[in-house]
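> return atomic coordinates for the entry below.
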Amino acid sequence: MAVILGHIEGVVKLTKKSLNLARDPAVLICGDFNSTSARGVHDLLRTGSISANFKEWKEFCEKEDEYVELSLQHPFRLFSACGEPAFTNFVPQFQAAIDWIYADESALESTSVIPLPTLEEVSANVAIPSVVFPSDHLAIGCDLKWKS
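Numbers count the residues shown, from 1 in each chain. Below is the predicted model of the structure:
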């Protein structure tokens, strides 16, 4: 995610300069992050930074010498435009939201969120994909409005 945010930052700077804009263009980041809201990728997106001693750095290292202290930051003010869905992926062993829409808080606001199916609807066929929900992810969506 840090690499993607770095590329987006470069595109924003280039676009602002080449179009001679007074302010930065708005940023919208959407996708399957394969990460729940409790994980570091969301801390980075929501707060704009991760400290060098972030707890997850050590969690993913099998050996002590693999651990590297790394701080990350980005200049954007982002919010989850669909809020915190209970789940976008559902199988018997795992139910969580791993698909997200992050929008630029300085330029956009969410006016409505597409309702997701209920737990009962999704679990009626054990898991997704199913005959009712053909993908292993539920589609998320929202209406965004430019701030004045």
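
> okay, buried residues for the helix ranked longest in the chain please.
Counting residues, the longest helix found in the chain (DSSP state H) is helix 2-18. For helix 2-18, burial by neighbour count (16 or more other C-beta atoms under 10 Å) applies to Leu5, Ile8, Val12. For every residue, glycine as well, the C-beta is placed using N, CA and C.

> tell me the centre residue of this protein?
The chain has Trp100 as the residue nearest its centroid, 4.2 Å off, counting by C-alpha atoms, centre = their mean.

> what are the ranges of the strands in this protein?
All strands of the chain, identified by DSSP state E, fall at 28-32, 49-50, 72-73, 78-80, 89-91, 94-96, 99-104, 108-113, 142-146.

> make CSV out of the ones you listed and add distance to Glu66 and mean pLDDT.
Formatted as CSV, the strands of the chain follow (distance: least, C-beta to C-beta, whole Å; pLDDT from 0 to 100):
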stretch, distance to Glu66, mean pLDDT
strand 28-32, 26, 96
strand 49-50, 17, 92
strand 72-73, 18, 93
strand 78-80, 29, 97
strand 89-91, 28, 95
strand 94-96, 26, 95
strand 99-104, 28, 97
strand 108-113, 39, 98
strand 142-146, 39, 98
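
> out of the ones you listed, nearest to Ala38?
strand 94-96 (8.9 Å; C-beta to C-beta).

> got a list of contacts for that closest one?
Thr36, Ala86, Phe87, Thr88, Asn89 (C-beta atoms under 8 Å, 6 or more residues apart in numbering).

> I appreciate the help and will end here.
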